[in-house]
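Trainee: I'd like to go over a predicted model; first the sequence, then the structure.
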Amino acid sequence: MKSEVILDDVTLYFKNIRAVENVSCSLDSGLIYGLIGRNGAGKTSLLSLMASYRQPTGGRVLIHGEDPFENAARMPDVHFVYQRDLREETDSLQDSIRHAAKYRDGFDTGYAEQLIKRFDIDPERPLNKLSMGKQAAAAIIEGLASNAPITLLDEIHHGMDAPSRQLFYESLLECRERQERLFILSTHLISEMSFLFDHILILDRGNLIVNEAYDTFVERGTAITGESSLVEAFVQGHTLIGRKELGGTLSVMLYGTLPAEKLEQARKGGLETTPVSLQELFIHLTDRRQEHDIN
Amino acid sequence: MTSISRRHVGKIFSDIYTLFMVWALRGLGALAMLFILSLLVFESLRSLELSILAMITGLGNSYMLIVGIITGIYMIHYYIRQGVTRRSFFLGALLAGTAAAGSVQVIGALLNLISYGVESFLPFSAGRQLTSYPMGSGGYPGVMSISTLISTIHFFMGWIIGFGFYRYKASGGAACILLGILVLGGVSIIWDQPGLITVNGLVIRFPQEMISWGMMVLLTCGIAVGLIAVLYGMIRRSPIRVE
């Protein structure tokens, strides 16, 4: 696996507003990254920088080792897919596919046609006459069939119904099987989409606060439930990210990997230990009401 | 690192040029039909002496201004999404607009020649004066070259106005419109055309005896180069909106 994208201390300001601050990470091919963050956390701004839609205010973005901005060899490596305003778009999906194939060398028109059938879209209907869900599917088809080594999908599933979203997830996994590509999936549907993620990136107010493999990250959260006094004693010295009390029962969420012997000790002490979901971890890590010190 | 892909420039040129010419031909077709129908309906029109080339020159300027605005507002985003650099887009669109401005003049000249042939069949008189530019009898090549240059300036100005709105929103767009009035007004003064800038209803005229034809061409070329520089400055590092 090689690093396709390197962000080195990347910062982006819009006049005096900080959108992205000192973000550093390297992203590898063959993985699906889940980019999550609250509204206004800087997800779209970060993706815009990778797609050369903007230049960073500070730091460097490297695609295959080169600055992609205005680099004719690197810009086609990235395909940025997001929900566009298509109210004035009279071209059909067929026109759109033909146009993309003209400019993107690796574009797979045959696969695009397969996806059009799968998503049940009329390819000759103008894009502005399609429903919102079908418009989203049209954008997904273009993104997946582009075969771009780096494909950025920003909140693209809005408006899609559950069966269409399921088709999207299956197609995304199929694409990853067909060819080694890097996908970044920005979403608010964390619970529904978490099974797709190999790696998690969490942005909070422009800062990258989590950059970890999915499995490693979700192991960082453990819920301990039991009699209040026992739980209180057990969690002493740990970082707490959530707490619920009902009668004499207390449930506490801990942040930080617990060693196996510590978990065993909890079970032996009559406490229940359960994993914390990605969504729960995300909610607590980005909760404005309680600022956490995450080590 | 190269920021211009010749392959992309060629494709952008071909895409945009084709689009502009399809629109132009559709517009001209509709205009020709309307004109012929009007000749049949309105008797008073039959006594008019009409120079097709002069008419298309005027219409061509407005047309190029409009397609320039469309280029500025809608096109850059479309191409960047496909991995095209801003510079490749700029060059492709610049060449396409210039070629389209020239092609409109060629079509105008051809229609003008055709009008001489058909005036005996149709109830109208083809005008013999090719232009109202103060350039004597430049003939078709002279008239078409100057008209292409002026039409191209209209395209650049439209592009600047459209892109002004795209990049700098309403205030930037308004500033570009003001620049447009000044530039296009200046061009019309140089070429002694009924211009955008008047004082108390009087058209401002450049003292023609003080300026040679060559100087007028040079001044106009200078304006065109200045507009290209402004456009390049606006586009070369422009952020692309995600919306």
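Mentor: Cool, got the structure. Numbers count the residues shown, from 1 in each chain, chains lettered A, B, ... in the order given.
Trainee: residue closest to the middle of chain B?
Mentor: Among the residues of chain B, B:S151 comes closest to the average C-alpha position under Cα atoms, centre = their mean, at 2.8 Å.
Trainee: that residue contacts B:V106, doesn't it?
Mentor: No. Here B:S151 does not reach B:V106: they are 11.6 Å apart, not a contact under Cβ atoms under 8 Å. C-beta here means a position set from N, CA and C on the backbone, and glycine is covered the same way.
Trainee: quick one, what contacts A:A73?
Mentor: A:E66, B:M1, B:T2 (Cβ atoms under 8 Å, 6 or more residues apart in numbering or on different chains).
Trainee: which positions in the stretch 101-250 of chain A make contact with chain B?
Mentor: Proximity of the stretch 101-250 of chain A to chain B, by Cβ under 8 Å from any Cβ of the partner chain, involves residues A:K102, A:Y103, A:R104, A:A148, A:D154.
Trainee: would you reformat the residues you listed as TSV and include secondary structure, distance to A:A41 and pLDDT?
Mentor: Formatted as TSV, those follow (DSSP: H, G, I helix; E, B strand; the rest coil; distance: Cβ to Cβ, whole Å; pLDDT from 0 to 100):
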residue	secondary structure	distance to A:A41	pLDDT
A:K102	helix	35	96
A:Y103	helix	31	96
A:R104	coil	30	95
A:A148	coil	24	96
A:D154	strand	12	96
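Trainee: from the residues you listed, pick the one nearest B:S115.
Mentor: Nearest to B:S115, judged by Cβ to Cβ, of those is A:K102 at 38.7 Å.
Trainee: now do the same for residue 187: its pLDDT.
Mentor: Chain wasn't specified; assuming chain A. A:T187 carries a pLDDT value of 94.
Trainee: think we crossed wires, I meant chain B
Mentor: At B:V187, the predicted lDDT confidence score is 90.
Trainee: and it, how far from B:H154?
Mentor: Between B:V187 and B:H154 the computed distance is 8 Å (Cβ to Cβ, to the nearest Å).
Trainee: figure out the helix or strand that whichever residue of chain B sits closest to chain A lives in.
Mentor: Relative to chain A, the nearest point of chain B is B:G83 (3.3 Å; Cβ to the nearest Cβ). If you go by DSSP states H and E, B:G83 is not part of any helix or strand.
Trainee: surely it and A:A148 touch.
Mentor: Yes. Between B:G83 and A:A148 there is a contact under Cβ under 8 Å: 7.5 Å.
Trainee: quickly list what's touching both of those two.
Mentor: Here B:G83 and A:A148 share the contacting residues A:P76, A:D77, A:V78, A:H79, A:R104, scored by Cβ under 8 Å, 6+ apart.
Trainee: and for the first one, nearest residue in space, chain neighbours not counted?
Mentor: Closest residue in space to A:P76, ignoring its immediate chain neighbours: B:G83 at 3.3 Å, by Cβ to Cβ, 6 or more residues apart in numbering or on different chains.
Trainee: who are the contact partners of that neighbour?
Mentor: Residues near B:G83 by Cβ under 8 Å, 6+ apart: A:M75, A:P76, A:D77, A:V78, A:H79, A:Y103, A:R104, A:A148.
Trainee: could you count how many residues lie near the third one?
Mentor: If I follow you right, that is A:D77. Neighbours of A:D77 under the rule other Cβ atoms under 10 Å in any protein chain shown: 23.
Trainee: what stretches of chain B score poorly on pLDDT?
Mentor: By pLDDT under 70, the weakly predicted segments of chain B are B:46-50, B:122-138, B:193-209.
Trainee: ranges for the helices of it?
Mentor: Along chain B, the segments classed as helices by DSSP state H run B:6-41, B:52-70, B:76-80, B:86-118, B:139-190, B:213-235.
Trainee: now these as JSON lines including distance to A:C25?
Mentor: JSON lines is the format used below for the helices of chain B (distance: least, Cβ to Cβ, whole Å):
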{"stretch": "helix B:6-41", "distance to A:C25": "30"}
{"stretch": "helix B:52-70", "distance to A:C25": "40"}
{"stretch": "helix B:76-80", "distance to A:C25": "24"}
{"stretch": "helix B:86-118", "distance to A:C25": "26"}
{"stretch": "helix B:139-190", "distance to A:C25": "30"}
{"stretch": "helix B:213-235", "distance to A:C25": "31"}
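Trainee: give the contact list for the closest residue to chain B within the stretch 51-200 of chain A.
Mentor: Per Cβ to the nearest Cβ, A:P76 is where the stretch 51-200 of chain A lies closest to chain B, at 3.3 Å. Counting by Cβ under 8 Å, 6+ apart, A:P76 touches A:Y103, A:R104, A:D105, A:A148, B:Q82, B:G83, B:V84.
Trainee: can you check A:D8 too?
Mentor: A:S24, A:G59, A:R60, A:V61, A:L62.
Trainee: helix, strand, or coil at the first one?
Mentor: What it means is A:S24. strand (DSSP: H, G, I helix; E, B strand; the rest coil).
Trainee: helices and strands of chain A: which one bottoms out on pLDDT?
Mentor: Every helix and strand of chain A was ranked by mean pLDDT, DSSP states H and E. The lowest is strand A:239-246, at a mean of 86.
Trainee: three-state assignment of A:F107?
Mentor: When classified by three-state DSSP, A:F107 comes out as coil.
Trainee: so which helix or strand takes in the residue nearest to it when sequence neighbours are not counted?
Mentor: Among residues not flanking A:F107 along the chain, A:A101 sits closest, at 4.1 Å (Cβ to Cβ, 6+ apart). According to DSSP H and E, A:A101 maps onto helix A:93-103.
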